[in-house]
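Participant: for reference, the sequence and a predicted model appear below.
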Amino acid sequence: MIEPKLEVPAELRDLAEKTIDQAEKAFGLFFDAATKSMATVPGAGTEVSKQALAFTEQNMKSAFEHARKLVHATDLQEAMQIQSEFLRSQFTSAGDHMRQMTGSIMQPGKGKS
């Protein structure tokens, strides 16, 4: 069976790429501001909050990378492969994050592992 090509004009792909870049920059500014804000707030939950913010930032970076790959997919099979790889990595990452977060909560004096 011949897989149909995704006929997306180059201009539209370029626009999508630029939009992804702008959104990534905006989120970067948000994460910088949030990180600086958290640094000024003392408290027992601060370290866990910082860790959660770092995990969220990592997830967003993965999502932007995923979007960039999808923009350049040339057929449905490639797009599905990209999506499958992304979901697999997100599930693995989520499990790792949960283990680290619960480890930090269960052992408050240890900090990051």
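Facilitator: Here it is on my side, so go on.
Participant: pull the number of nearby residues for residue 25.
Facilitator: By the other CB atoms under 10 Å criterion, the neighbourhood of residue 25 contains 10 residues. (Each C-beta comes from the backbone N, C-alpha and C, glycine too.)
Participant: and it, backbone torsions?
Facilitator: When read as degrees, to the nearest 10, the backbone of residue 25 gives phi -60, psi -40.
Participant: OK, contacts around it?
Facilitator: Going by CB atoms under 8 Å, 6 or more residues apart in numbering, residue 25 touches no other residue.
Participant: how close does it get to residue 6?
Facilitator: As defined by CB to CB, to the nearest Å, residue 25 lies at a distance of 27 Å from residue 6.
Participant: what does residue 55 give?
Facilitator: Where residue 6 is concerned, residue 55 sits at a distance of 32 Å (CB to CB).
Participant: buried sites along the helix or strand harbouring residue 87?
Facilitator: With elements taken from DSSP states H and E, the one containing residue 87 is helix 76-106. The neighbour-count criterion (16 or more other CB atoms under 10 Å) identifies 78, 82, 86, 97, 104 as the buried residues of helix 76-106.
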